[in-house]
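A.B. asks: what follows is a predicted structure for the sequence shown.
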Amino acid sequence: MNTRQIEYFVAIAEERQITAAAARLHISQPPLSRELARMERELGVRLVVRGPRSVELTEAGKLLYRRCREVLELTGAMEREVESFGSGSSGVVSLGLVSSSGASVPSDAMAPFVDDYPNVRFDVHEGNTFEVIDMLNRGIVELGFVRTPFERGQLCCRYGAPVPMAAVMPARFAVGERSDVVTLAELSGVPLVIYRRYQALLSERFRQAGASLVVACLNDDSRTTCNWARRGFGVGLVPLQMCETVNMEGLLAKRVADEALVTRLALVRERGRRLSPAGERFLACFSSWSEE
């Protein structure tokens, strides 16, 4: 398959309609239909099921779509990497961000970089910690902001300050005698909405505190945790910084009184991989973070 065919198939897969995909690609419908038929002949599989108003991907089509997206992402990363090679005064800094990084990125620490290098632009990809690390491994981004805990592996890490966990409470599940702090004992038996990666740590801390951990919802994003808590499904447990970046209407936030329940934001990159000059300059913005 060539690049044009990849772009054509991605458009069909995302628009779910030949006419809409053709409009997106600024071509007429017949050539796009012929190209799709040619791809199916060349690959020897059926990629879509054609309906009266739309098309649906077959299992082979779904696999092809995932691989095509990866090819386009890597192609874009290659172009950005070449564009960024030079003095660092122009180019692209490709970043992977977790949702809970919003209180730190962008930040005042980045202001001098933006002022000194106005011709550098940012290309931001978002995901959870595992997804951002995967983007690093695949070369989609050159730097990532992730949150502990995670496996360091071959990553070089700079860590921000420790951040306590917060309990975000809807009115129906408001607990705790103090206005700003809640204990694990006070959260015992209360339905909790938690990030999946924290489940093992929370289970151990609740066990050691002699408290009962009741999980109402497991999820993979701190924004989802806050949203479910706001909808009244339980008390959400998130990094305290998250409360600065999401809609807290109808929620009360209290710091969880447990010194072991802390997380840190980490700026990570692949060990042994050379950063672009612009990436190196951006990394220097966070020189005050501890390198371990």
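C.D. replies: That came through fine. Quantities reported herein were computed from a predicted structural model and do not represent experimental measurements. Numbers count the residues shown, from 1 in each chain.

A.B. asks: wait, Leu240 touches Ala166, no?
C.D. replies: Yes: counting by CB atoms under 8 Å, Ala166 is a contact partner of Leu240 at 4.2 Å. To be clear about C-beta, it is placed using only N, CA and C from the backbone, and glycine gets the same treatment.

A.B. asks: so what sits against both of those two?
C.D. replies: Counting by CB atoms under 8 Å, 6 or more residues apart in numbering, the contacts common to Leu240 and Ala166 are Ala253, Arg255.

A.B. asks: okay, the two: which has more neighbours?
C.D. replies: Ala166 (25 against 20; other CB atoms under 10 Å).

A.B. asks: which residues does the more buried one contact?
C.D. replies: Applying CB under 8 Å, 6+ apart, the residues contacting Ala166 are Leu237, Val238, Pro239, Leu240, Met242, Cys243, Ala253, Lys254, Arg255, Val256.

A.B. asks: what number of residues lie near the closest residue to the second one other than its chain neighbours?
C.D. replies: Right, the one you point to is Val238. The shortest distance from Val238 to any non-neighbouring residue, by CB to CB, 6 or more residues apart in numbering, is to Ser222 (4.6 Å). The tally of other residues near Ser222 (other CB under 10 Å) stands at 28.

A.B. asks: the residue nearest to Tyr65 when sequence neighbours are not counted - how many residues pack around it?
C.D. replies: Nearest non-adjacent residue to Tyr65, counting by CB to CB, 6+ apart: Ala13, 4.2 Å away. Residues contacting Ala13 under the criterion other CB under 10 Å number 21.

A.B. asks: what do you get for Arg205?
C.D. replies: 19.

A.B. asks: average pLDDT for whichever strand or helix holds it?
C.D. replies: Under the criterion of DSSP states H and E, Arg205 resides in helix 199-208. For helix 199-208, mean pLDDT is 94.

A.B. asks: gap between that helix and the chain center?
C.D. replies: 25 Å (CA atoms, centre = their mean, to the nearest Å).

A.B. asks: look up the pLDDT of Thr224 for me, please.
C.D. replies: Reported pLDDT for Thr224: 92.

A.B. asks: need the phi and psi values for it.
C.D. replies: Main-chain dihedrals, Thr224, degrees, to the nearest 10: phi -60, psi -40.

A.B. asks: tell me the spacing between it and Leu192.
C.D. replies: 13 Å (CB to CB, to the nearest Å).

A.B. asks: more neighbours: which of the two?
C.D. replies: Neighbours around Thr224 and Leu192, counted as other CB under 10 Å, are more numerous at Leu192. The numbers are 25 against 17.

A.B. asks: doesn't the more buried one fall inside a strand?
C.D. replies: Yes: the assignment for Leu192 by DSSP: H, G, I helix; E, B strand; the rest coil puts it in a strand.

A.B. asks: what residues are up against it?
C.D. replies: Contacts of Leu192 (CB under 8 Å, 6+ apart): Leu202, Leu213, Val214, Val215, Ala216, Gly234, Val235, Gly236, Leu237.

A.B. asks: dig out what it forms beta bridges with.
C.D. replies: Val215, Val235 (DSSP bridges).

A.B. asks: got a list of what Thr129 touches?
C.D. replies: Counting by CB under 8 Å, 6+ apart, Thr129 has contacts Val98, Val146, Arg147, Phe150, Arg197.

A.B. asks: go on, Thr225?
C.D. replies: Val168, Val193, Ile194, Tyr195, Cys217, Asn219, Gly236, Leu237, Val238.

A.B. asks: tell me how many other residues crowd Lys200.
C.D. replies: That one is not Lys; residue 200 is Ala. 10.

A.B. asks: now do Ala185
C.D. replies: Ala185 has 15 nearby residues by other CB under 10 Å.

A.B. asks: need the contact list for the closest residue to it other than its chain neighbours.
C.D. replies: Once flanking residues are discounted, Ala185 sits nearest to Ala211: 5.3 Å by CB to CB, 6+ apart. By CB under 8 Å, 6+ apart, Ala211 lies in contact with Leu184, Ala185, Leu187, Ser188, Gly189.

A.B. asks: where along the stretch 51-200 of the chain do the helices fall?
C.D. replies: 59-84, 111-116, 129-138, 184-187, 199-208 (DSSP state H, counting those that start in this stretch).

A.B. asks: all strands for the stretch 101-250 of the chain, in order.
C.D. replies: 119-126, 143-147, 155-159, 163-170, 181-182, 191-195, 214-219, 235-239 (DSSP state E, counting those that start in this stretch).

A.B. asks: helices and strands of the protein: which one bottoms out on pLDDT?
C.D. replies: Least confident helix or strand of the chain, by mean pLDDT, DSSP states H and E, is helix 59-84 with a mean of 81.
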